[in-house]
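*Asks:* Sequence unavailable; structure follows:
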């Protein structure tokens, strides 16, 4: 559930909204009417949003919590200190206004209220006095609040002034503040509160609720008129820690407050909490901070390698966060949204095409999103893929037609690129590019031509096959084409680098001794050439070894006529640097181990042990 109702349900389910009057206010007053236009799509996120001039519209959870503590009632007179954009003022105005349903069942809408006499409205409707010290926000809040007609109907009275030294009118049934005082709330607030009234206000990093229980003895005034009377009033004080607010700005710094405003400790003593309670709070705060930091500064991708993401035009930070979570790039949408909101960059996130690897963190994501996407995308060719598997991948990713790719890299592919790549010189004229398309992750332009993509893989092969490797191939009186063919067999047969060197030694030795290679991977490749089956997805049967194909190294001596896969540098190096041993046979066990044998008898015993069910 999205939007306003989704936010209301979230706060109700979390236990922050409980009172029907306050719930009705949250449903009636749209937070979207009180945020800057660039944050309109973020209006119902449960986090603060910038409103300019170093201020924010408070997190809905915090507003709900404080209003529940305040418990505004119909007909009450409430002072709201720090109007900001006016949202909390409008919520209060709705809550203290007369009931929405009359005794006869009719609805009290704006037209009905306008028809009532002024005196009747004053008797039945509550009143909210709101104060904002920043002149630009005063005008902004006035316009927002008047969208609901609260000012013109006399429900809200607006003052643009400081609220720490002197506040207008009074006394008030309730007082609420949106900015954090240091050490204590101003005496002026205490004096202007009725007996039995409440003040809900932040002090440092806690929310406090002050309930005025009595007046000084012998005082007949409705509220304390002097600092002494305010100090002698009995108060119930309750602390709710674990919040953060913008600071309350007063006319004089707290260190320079008049002596009369430094409260006598016997009249202002906050309840002492057990040490264990403070330790528990500190531990809980540390765990929460650590969990938040872990989500932000550690990668949480659920994929390996890299991933391409397209961020469409017009998405706000909430939808971008949801999209990144859905794509497995982040673990928590709300941590992402909170981070960009706290950084004040929620409106800076740009659409476009992005490529992120599996180590990306939220700060790195935000940095890229602020810079904007590119016209590039990533493609990944794993080691051991055939040209057919690459073609299927390109088709799935909507990069290029499968048939167009196979036509370019298939028969005569070498002749098309030989002029640009010298390592193709010793390959047969009609050979394809199987074995030369180097496996790696590539960044390509979305509109890149097929020829340029293939050329990028060949350029990478050219770079990876260093001059030292080419000199060693020449020294051994072999060709690059020989090495590429042998490397493809090793790539498909063996996993570990150490075992690959030993298998390479076995295969080269069998070639020297005119013994058939008998490599299962070549038989599977031969089968794939005459069927729609993907290569290397089944076991080799006895009848498979009888297939009449030049790629069948059980039937034909020597290397196959071409590579059977595109090898990585590990298999290529193993083909160039074989390790001599007294083994003649090997097999790959189901658990990935390579089992070596010196004789056919040992090999057959290994087959019975590891490959026979």
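*Replies:* Cool, the structure landed. Please read all numbers here as calculations on a predicted model, not as lab measurements.

*Asks:* For the protein, give me the ranges with low pLDDT.
*Replies:* 1-2, 98-125, 215-232, 242-278, 280-281, 284, 374-375, 531-538, 613 (pLDDT under 70).

*Asks:* Need the residue closest to the centroid of it.
*Replies:* residue 330 (3.7 Å; C-alpha atoms, centre = their mean).

*Asks:* Who are the contact partners of the closest residue to residue 435 other than its chain neighbours?
*Replies:* Nearest residue to residue 435, sequence neighbours excluded (C-beta to C-beta, 6 or more residues apart in numbering): residue 563, at 2.7 Å. Placement of C-beta: from N, CA and C, glycine included. Applying C-beta atoms under 8 Å, 6 or more residues apart in numbering, we find residue 563 in contact with 434-436, 484-485, 487-488.

*Asks:* What of residue 500?
*Replies:* Residue 500 neighbours (C-beta under 8 Å, 6+ apart): 490, 494, 570-571, 574.

*Asks:* ditto for residue 193
*Replies:* 170-172, 174-175, 199, 210, 212, 223.

*Asks:* how does it look with 7 Å?
*Replies:* Shown in contact with residue 193 (C-beta atoms under 7 Å, 6 or more residues apart in numbering): 171-172, 175, 199, 212, 223.

*Asks:* Out of those residues, the closest to residue 163 would be?
*Replies:* residue 175 (9.7 Å; C-beta to C-beta).

*Asks:* wait, that closest one sits on residue 191?
*Replies:* No. Contact between residue 175 and residue 191 fails when scored by C-beta atoms under 7 Å: they sit 10.8 Å apart.

*Asks:* count of neighbours near residue 294?
*Replies:* Residue 294 has 12 neighbouring residues, counting by other C-beta atoms under 10 Å.

*Asks:* Wait, a helix at the residue nearest to residue 435?
*Replies:* No. With DSSP: H, G, I helix; E, B strand; the rest coil as the criterion, residue 563 is located in coil rather than a helix.

*Asks:* Which phi and psi values does it adopt?
*Replies:* Backbone geometry at residue 563, expressed as degrees, to the nearest 10, gives phi -60, psi 150.

*Asks:* follow-up on the earlier one: please produce a ChimeraX select command covering the buried subset of the contacts of residue 193.
*Replies:* The buried residues among those can be selected in ChimeraX (16 or more other C-beta atoms under 10 Å) with this line:
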select :171,172,175,199,212,223
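
*Asks:* circling back to that earlier point, separation between the residue nearest to the centre of the chain and residue 88?
*Replies:* 31 Å (C-beta to C-beta, to the nearest Å).

*Asks:* ok, now residue 523?
*Replies:* 76 Å.

*Asks:* same question, residue 493
*Replies:* 70 Å.

*Asks:* Looking at these two now, which is surrounded by more residues?
*Replies:* residue 88 (26 against 21).

*Asks:* helix or strand for that one, which one?
*Replies:* helix 87-96 (DSSP states H and E).

*Asks:* Could you list the residues in contact with that helix?
*Replies:* Against helix 87-96 from outside (C-beta under 7 Å, 6+ apart): 21-22, 25-26, 28-29, 31, 34, 57-58, 63, 67, 72-76, 78, 80, 83, 126-128, 130, 141, 145, 148, 150, 155-156, 178.

*Asks:* Just the buried ones among those residues, please.
*Replies:* Buried among the contacts of helix 87-96 (16+ other C-beta under 10 Å): 21-22, 25-26, 29, 31, 34, 57-58, 63, 67, 72, 75-76, 78, 80, 83, 126-128, 130, 141, 145, 148, 150, 155-156, 178.

*Asks:* any idea where the helices of the stretch 451-600 of the chain begin and end?
*Replies:* Using DSSP state H, counting those that start in this stretch, the helices of the stretch 451-600 of the chain run over 467-475, 480-493, 497-512, 520-529, 569-576, 600-610.

*Asks:* what residues does the fifth one touch?
*Replies:* Where contact means C-beta under 7 Å, 6+ apart, the residues beyond helix 569-576 that reach it are 464, 469, 472-473, 483, 486-487, 490-491, 497, 500-501, 504.

*Asks:* mind redoing it with 6 Å?
*Replies:* With contacts defined as C-beta atoms under 6 Å, 6 or more residues apart in numbering, helix 569-576 is touched by 464, 469, 472, 483, 486-487, 490-491, 497, 500-501, 504.

*Asks:* To residue 443, which of the helices of the stretch 451-600 of the chain lies closest?
*Replies:* By C-beta to C-beta (comparing all of the helices of the stretch 451-600 of the chain), the closest turns out to be helix 569-576, at 19.5 Å.

*Asks:* Relative to the whole chain's centre, how far out is the closest one?
*Replies:* How far helix 569-576 lies from its chain's middle: 40 Å, per C-alpha atoms, centre = their mean, to the nearest Å.

*Asks:* do stretch 321-336 as well
*Replies:* 3 Å.

*Asks:* Same check on stretch 197-214?
*Replies:* The answer for stretch 197-214 is 37 Å, by C-alpha atoms, centre = their mean.

*Asks:* which residues sit in contact with residue 80?
*Replies:* Neighbours of residue 80 in contact, by C-beta under 6 Å, 6+ apart: 89, 92, 128, 130, 176.

*Asks:* out of the residues you listed, who's nearest residue 580?
*Replies:* residue 176 (84.9 Å).

*Asks:* Kindly provide the distance from the closest one to residue 139.
*Replies:* For residue 176, the distance to residue 139 - C-beta to C-beta - is 22 Å.

*Asks:* Likewise for residue 147?
*Replies:* For residue 147, the distance to residue 139 - C-beta to C-beta - is 14 Å.

*Asks:* Pop the domain breakdown of the chain in here.
*Replies:* Domain segmentation of the chain under automatic domain parsing yields 3-251, 285-374, 468-610.

*Asks:* can you put these in TSV and add distance to residue 414?
*Replies:* Shown next, in TSV, are the domains of the chain (distance: least, C-beta to C-beta, whole Å):
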stretch	distance to residue 414
domain 3-251	54
domain 285-374	29
domain 468-610	9
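
*Asks:* Those domains: which one's closest to residue 392?
*Replies:* Nearest to residue 392 among these is domain 468-610; the distance by C-beta to C-beta comes to 8.1 Å.

*Asks:* Sweet, I'm off.
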